[in-house]
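> A predicted structure for the sequence below; I have some questions about it.
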Amino acid sequence: MVLRPADEDTGFVLRRVDLPGKPEIPAIADNVVDVRRATTLAVGNAHVHTVEHVLAALYGMGVDNAYIELDGAEPPIADGSSEPFIQIIREAGTVPQTLTRTIAYIDQPVTVTQEETTIVLLPEENYRISCTVAFGPGFLTQFYSTEITQKSFVEELSAARTFCPDYEEIESLMEAGLIRGASLDNAMVLKDGAIISKDGLRFADECVRHKMLDIVGDLSLVGHRLRGHVVALKPGHPSNVALARNIREHMRVERA
Ligand SMILES: [Zn+2]
């Protein structure tokens, strides 16, 4: 994966350099084609899946415009968090743009409810996420809330790794050779009511923080900087992307 500078108002655009014509896929909710396990974007036959962690890193670092060039259908999973991407963005540096950025505002709450999941965006001056997760036979519950700024994203969310609530499922998928991403090298796993991870946990509440990282990545698909308070109960990619789509239907975009 190579991150390249893009002109002002380009937004985030994925580019499959391994395919004929190097097709481009704008990273907006309209181009989402699959939300099982991860968020997949496509234009025509050009797909990229698991886009959320690199998009979260770009958004979280305050980047507005970038090309994400890939020689395959998936960004490197790295350690299952956004931290490695934060490091390469830092090393490359960023340049202030001359235009003021475009910001998406909503005037009324926007809500998505899907089975056990509810996710709402409430109108508010800042961008904040409050999230509750609950899973497993022991009903492990975590809550976290923070305003999303570059500082808070980097310090509180970016290092939180992917979480797999079902060890048996992971084990059978790994045995069948169906997944390489979600091994214990780059994921926390819930087994018998306890969280296991190769090197211990980075945060006691790493699961909920990762869910918030995913929300930052998936809601970057609104295509603009976001204002409002996201309140999420047991969120996942399907509800995050549905919220991004609803926001795009109801948003008012202004420069600020
Ligand atoms: Zn994730």
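That came in fine, so what should we check first?
> residues in contact with residue 101?
Each residue near residue 101 by C-beta atoms under 8 Å, 6 or more residues apart in numbering is listed here: 64, 224-225, 255-256. In this view, the C-beta of every residue, glycine as well, is placed from N, C-alpha and C.
> how near is it to the ion?
25 Å (C-beta to the ion, to the nearest Å).
> change the start of the numbering to 837 and stick with it
Yes, from this point I'll number from 837; that puts the last item at residue 937.
> which residues are in contact with the residue in the stretch 987-1092 of the chain positioned nearest to the ion?
Using C-beta to the ion, the single residue of the stretch 987-1092 of the chain nearest to the ion is residue 1050, 4.2 Å away. Contact analysis of residue 1050 by C-beta under 8 Å, 6+ apart lists 888-889, 892, 1071, 1073, 1076.
> again, only using 10 Å
874-875, 888-889, 891-892, 918, 967, 993, 996, 998-999, 1068, 1071-1073, 1076 (C-beta atoms under 10 Å, 6 or more residues apart in numbering).
> that's a helix at it, yeah?
Yes: Residue 1050 sits within a helix when classified using DSSP: H, G, I helix; E, B strand; the rest coil.
> low pLDDT regions in the stretch 887-1036 of the chain?
Within the stretch 887-1036 of the chain, the set of residues satisfying pLDDT under 70 comprises 972-975, 1000-1006, 1009-1010, 1012-1022, 1029.
> so which residues on it come close to the ion?
residue 998 (C-beta under 5 Å from the ion).
> thought residue 877 was touching residue 890?
No: when contacts are counted by C-beta atoms under 10 Å, residue 877 is not listed as touching residue 890 (11.5 Å).
> so what sits against both of these two?
848, 850, 863, 884.
> so what's the second one up against?
So the one you mean is residue 850. 837, 859-863, 867, 877-879, 882-884, 887, 890-891, 902-906, 911.
> of those residues, grab the buried ones for ChimeraX.
Buried members of the contacts of residue 850, defined by 16 or more other C-beta atoms under 10 Å, are picked up in ChimeraX with:
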select :837,859,861,863,867,877,878,879,882,883,884,887,890,891,902,903,904,905,906,911
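> so which of the contacts of residue 850 sit within helices?
890-891 (DSSP state H).
> now the contacts of residue 1050: which count as buried?
For those, buried by 16+ other C-beta under 10 Å: 874-875, 888-889, 891-892, 918, 967, 993, 996, 998-999, 1068, 1071-1073, 1076.
> just the ones in helices from these, please.
Short answer: these in helices (DSSP H) are 888-889, 891-892, 1073, 1076.
> surely residue 1078 forms part of a helix?
Yes: under three-state DSSP, residue 1078 falls within a helix.
> just among the contacts of residue 937, which is most surrounded?
The most crowded member of the contacts of residue 937, judged by other C-beta atoms under 10 Å, is residue 1060 (21 neighbours).
> list the beta-bridge partners for residue 948.
Applying DSSP bridges to residue 948 gives these bridge partners: residue 955.
> and residue 995, what does it touch?
Taking C-beta under 10 Å, 6+ apart as the test, what residue 995 contacts is 915-920, 922, 1038-1039, 1042, 1045-1046, 1049.
> from those, which two are the most distant?
Maximum pairwise distance in the contacts of residue 995, criterion C-beta to C-beta, is 17.1 Å, between 920 and 1039.
> for the ion, see how far away the residue nearest to residue 963 when sequence neighbours are not counted is.
Distances taken as C-beta to C-beta, 6 or more residues apart in numbering place residue 984 nearest to residue 963, at 4.4 Å, with adjacent residues excluded. Computed as C-beta to the ion, the residue 984 to the ion distance reads 16 Å.
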